[in-house]
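Trainee: here you go, sequence then predicted model.
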Amino acid sequence: FGSTEPGTKTVISREYSAEWKPGDEPYYPVNDAQNGALYEQYKALADAEGKVLFGGRLGEYKYYDMDRVIESALARVQAELAK
Ligand SMILES: Cc1cc2nc3c(=O)[nH]c(=O)nc-3n(C[C@H](O)[C@H](O)[C@H](O)COP(=O)(O)OP(=O)(O)OC[C@H]3O[C@@H](n4cnc5c(N)ncnc54)[C@H](O)[C@@H]3O)c2cc1C
């Protein structure tokens, strides 16, 4: 940490999945039928915006890892520039 020199220590972090309960941070989208229908309403409003592109995890209401979100952004830019 804080140095580009090879370290002498290894840091291991572990993540454990857990069921969400009220009061927890809502990290992940829950793609059930109710939320999907709500997202479609937001998407209709977003699509009607002529000069704003909504993308990424929030804009597309999808769980993305970093590589996938970058891939999605690049594809969006490519599609826009091709217009
Ligand atoms: C707990 C957790 C662990 C993760 N672990 C990994 C991992 O190990 N490896 C991996 O590849 N990916 C991981 N991810 C996924 C990765 O973090 C996301 O794919 C990525 O950050 C999504 O990028 P994004 O730009 O779509 O959204 P974000 O990174 O969430 O960026 C959205 C930005 O928009 C801002 N914003 C929101 N609303 C507004 C508004 N109205 N006006 C102005 N700004 C606004 C937010 O503050 C935020 O800065 C993890 C995600 C979470 C939640």
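Mentor: That came through, no problem.
Trainee: name the nearest residue to the spatially most central residue of the chain, ignoring sequence neighbours.
Mentor: Nearest to the geometric centre of the chain sits R57, at 2.2 Å (Cα atoms, centre = their mean). Spatial nearest neighbour of R57, excluding adjacent residues (Cβ to Cβ, 6 or more residues apart in numbering): Y64 at 5.1 Å. For every residue, glycine as well, the C-beta is placed using N, CA and C.
Trainee: for the one you found, give its distance to I12.
Mentor: In this view, Y64 and I12 are 25 Å apart by Cβ to Cβ, to the nearest Å.
Trainee: more crowded one of the two?
Mentor: Y64 (17 against 4; other Cβ atoms under 10 Å).
Trainee: what's the weakest-modelled helix or strand in the chain?
Mentor: Ranked by mean pLDDT, DSSP states H and E, the weakest helix or strand in the chain is helix 56-60, scoring a mean of 92.
Trainee: do it and the ligand come into contact?
Mentor: Yes - applying Cβ under 6 Å from any ligand atom, one finds that helix 56-60 is in contact with the ligand at 56-58.
Trainee: nice, that's everything, thank you.
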